[in-house]
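J.: sequence first, then the predicted structure, then my questions.
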Amino acid sequence: MSVSSIASRAKAQKSEHFDVLIVGAGISGVGGAYHLSTQCPDQSFVVLEALENFGGTWLMHRYPGVRSDSDLYTFGYRFKPWIGPPIATAEEILKYMGEVIEDNNLGQHIRYGHKILSASWSSRDSQWTIEAVRTDTNQQLTFTANFLWMCQGYYRHEQGYTPEWQGMGDFKGKIVHPQTWPKDLDYKNKKVICIGSGATTATVVPAIAADCEHVTVLQRSPTYFIPGQNQNTLADQLRKLEIKEEWIHEIVRRQILMDQREFTRRSLEEPEVVTQELLNGVRAYLPEETVAEHFTPKYRPWRQRIAFVPDGDIFKGVAAGKASVVTDEIERFTDKGILLKSGRELEADIILTATGFNLSILGDIAFSIDGKPLDFADSVTYHGMMFTGVPNMLWIFGYFRASWTLRVDLLSDFLCRLLKHMKAKGATKVSVALRPEDKDMKLLPWIDTEDFNPGYMLRGLELLPKRGDKPEWQHTQDYWREKDAVPAINLDDPVFVYESGPVDERRAEAAN
C-alpha cells in the first residue's frame, strides 16, 4: 500500500495528539523519554518503536557474542550507575535499559510495533502529522505532535550492507550478514569465512571459532583494535572502599572521558607513537610477522572507529589456530567459496559478510513541509541536531570517538531547555536559520572525510545535511567541546526563529 493511500485512509480516523513524539525506543529514545519525563513533566509524549520491544541495535543484533565496543560507564546513562564489566553483552545492555524503563514508569509511553511511514509539517497548524502502521495488525494510525524528536539511530535495521560480488549466486553454501543472523544457522564443524575487519568481526569470530572447523577472517585492509582486560581497576578499587555506586559511576565516567580525550588528542598530534602503542597491544598475543601483515593499518588512528577487544579474544583464537587472517581482495565467489585476486581460493560452508550497514537518514521516513517533500541534503545542520527549514525537530546523532549516549544526555538537556523556553515565550514553532553573517558561509559535506571516513558514511554522505565552516553549523564530533558549548547555547540567539500558532484551538479539538 502506498504512503498516499495510507494517508487518505488515516484521515478518516481520529488521531492522537502529544506535545512531543519520540521516534525509536533504542538507547537514544529511552534516554530521551527519561529526561523528558523528569525535566518536563508537564509535556505529554509518546515513543513509537517499529520493533517488537525496546533496545534498537541491542535487540536487532543477535549474532553470537554481540557486545558493546564502548565502555558502559560512558555508554550507559549518566543517571543510571553501571555496575558490571566495562564491555557488556547485548543481554546485559537490554537488562540495564529495561530497568530504566521499569524504574521510571516509561513503559506507559512506549508503543511497540509502530512503524512510521510519513511525517508532514503544517505551518498553518504548527504541528507534525505522523502516519504509522501497526506491524502486527497492519492497522493505520495517525498521530499529531507539536515537536518531533528523532531517536531512531542512523542505519537500517532490516538489512545490512553487503557488496555485490561477482559469482555470489554460484556459491553452494550460505551467505549471512551478521545483522540478520538466522536463528537456525548451524556453524558447528563448518568452514566459515568472515569478510570484514571491524568490530563485528572482532566480536563474532571468537564467539564461534571454538565450534567451527575453522574461521578465516578475510579483510581488504587491517584495522586498529585496543586489547585489554574487561575490567576497570578504578571502579574495582572504589568498590573495595565501599563508595556509593552513584559516586563510582560518576568518578569512573569522568576518568574514562579524560583518558579518551587525551587518546584522541595524541592520535591527531602524535599518530606514529599511538600506532606503535596499539600494535604493541596486538604483539602481546601474536608474532611480529602476523602483526605486520594483518594488523597494521595504513591510516592513522581514529580515522575509523577503534574497537576494544576484551582479553584479546580474537587474537587468542588466531594464535591457537582456530582462526586465521587473510589480507587480500575478492576476485569473485565460486561454488566452493571465494577466489582472491592473488589467485588463492578459500573454501567455505558459510560466508559471513561483516561488511557494515546501510545509512538511514532519519529513519527513511517520508518527510514533507507544507506539502513539499523534504530533502535533508538541502538543509544545513545546527550542531548536528537541528536543520535549517525544518521546524520543531531535533535529531540525536551521537559520537564516533566517544560513546553515543553521551550526546543523548547532552541533547536531551538542550531540548528540555528549549521546550521550556518556547513555553515561556508563548511560541509554538521554532526553527533555525542562517544569520546575516552566515549567508556567505562555505557549505561542506556532513563530516570531514579526511578526518573520519567509515564506509557507511562515505556511501551515504550525499543524503545528509550540509555543514558550515563554523562550529555551530556542524556536528564537530568533539564531546569535550560540546559538553560546555551546548549548555551555553543562547536560546535567544538570532539563529533561532520563534513563531506562535493555534495551539489552544488544536488542543481543544484533540480533547473532543
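T.: In hand now; what should we look at?

J.: end to end on stretch 70-77, go ahead and measure it.
T.: Terminal residues of stretch 70-77 lie 13 Å apart, using Cα to Cα, to the nearest Å.

J.: what does stretch 381-391 give?
T.: Start-to-end, stretch 381-391 (Cα to Cα) is 12 Å.

J.: need the residues that contact that stretch.
T.: 121, 123, 367, 369, 374, 376, 378-380, 393-397, 411, 414, 429-434, 446, 465-467, 472-476, 482, 485-486, 489, 495 (Cβ atoms under 8 Å, 6 or more residues apart in numbering). Heads up, the C-betas are built off the backbone N, CA and C, glycines and all.

J.: which of the residues you listed count as buried?
T.: 121, 367, 369, 374, 376, 379-380, 393-397, 411, 414, 429-432, 434, 446, 465-467, 472-476, 482, 486, 489, 495 (16 or more other Cβ atoms under 10 Å).

J.: which of the residues you listed fall in helices?
T.: If you go by DSSP state H, the buried ones among the contacts of stretch 381-391 have 411, 414, 482 in helices.

J.: and the residues you listed, which is closest to Met97?
T.: Nearest to Met97 out of those is Leu411 (Cβ to Cβ; 18.0 Å).

J.: now the helix or strand where Arg417 lies: average pLDDT?
T.: Using DSSP states H and E, the element containing Arg417 is helix 404-425. In this model, helix 404-425 has a mean pLDDT of 97.

J.: also stretch 279-291?
T.: Mean pLDDT, stretch 279-291: 96.

J.: what residues of that stretch count as buried?
T.: Neighbour count says stretch 279-291 has 279, 281-283, 285-286, 290-291 buried, by 16+ other Cβ under 10 Å.

J.: can you check stretch 353-369 too?
T.: Of all the residues in stretch 353-369, those buried under the rule 16+ other Cβ under 10 Å are 353-363, 365-367, 369.

J.: same check, this time on stretch 252-267
T.: In stretch 252-267, counting by 16+ other Cβ under 10 Å, buried: 252-253, 256-257, 260-261, 263-264, 267.

J.: let's have the residues you listed in TSV, adding distance to Arg407.
T.: Shown next, in TSV, are these (distance: Cβ to Cβ, whole Å):
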residue	distance to Arg407
Val252	19
Arg253	14
Ile256	16
Leu257	13
Gln260	14
Arg261	15
Phe263	18
Thr264	15
Ser267	20
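
J.: just flag the most distant two among the residues you listed.
T.: Every pair in the buried residues of stretch 252-267 was compared (Cβ to Cβ); the two farthest apart turn out to be Val252 and Ser267, at 22.1 Å.

J.: and the pLDDT at the residue lying closest to Gly107 once chain neighbours are set aside?
T.: Ranked by Cβ to Cβ, 6 or more residues apart in numbering and with sequence neighbours excluded, the top spatial neighbour of Gly107 is Ile101, at 5.3 Å. Turning to Ile101, the model gives it a pLDDT of 98.

J.: how about the one 5 residues further on?
T.: Note for Leu106: predicted pLDDT of 98.

J.: that one contacts Ser37, doesn't it?
T.: Yes. Between Leu106 and Ser37 there is a contact at 6.6 Å, judged by Cβ atoms under 8 Å.

J.: the two: which is more packed in?
T.: Between Leu106 and Ser37, Leu106 has the larger neighbour count (other Cβ atoms under 10 Å), namely 21 against 16.

J.: any idea how far the residue nearest to Gly107 is from Leu185?
T.: As defined by Cβ to Cβ, to the nearest Å, Ile101 lies at a distance of 30 Å from Leu185.

J.: okay, those two: which has more neighbours?
T.: Ile101 (19 against 15).

J.: show me the contacts for that one.
T.: Ile101 sits next to 30, 54, 107, 110 when contact means Cβ under 8 Å, 6+ apart.

J.: please apply the same query to Pro85.
T.: 72, 230-232, 310.

J.: rerun at 10 Å
T.: 67, 71-72, 92, 229-232, 235, 310 (Cβ atoms under 10 Å, 6 or more residues apart in numbering).

J.: from the residues you listed, which would you call buried?
T.: Counted by 16+ other Cβ under 10 Å, the contacts of Pro85 give 67, 71-72, 92, 230, 232, 235, 310 as buried.

J.: from those residues, which ones fall inside helices?
T.: Those of these lying in helices (DSSP H): 72, 92, 235.

J.: tell me the pLDDT at the closest residue to the second one other than its chain neighbours?
T.: Residue nearest to Glu92 in three dimensions, not counting chain neighbours: Gly84, with 5.8 Å by Cβ to Cβ, 6+ apart. Gly84 is assigned 93 on the pLDDT scale.
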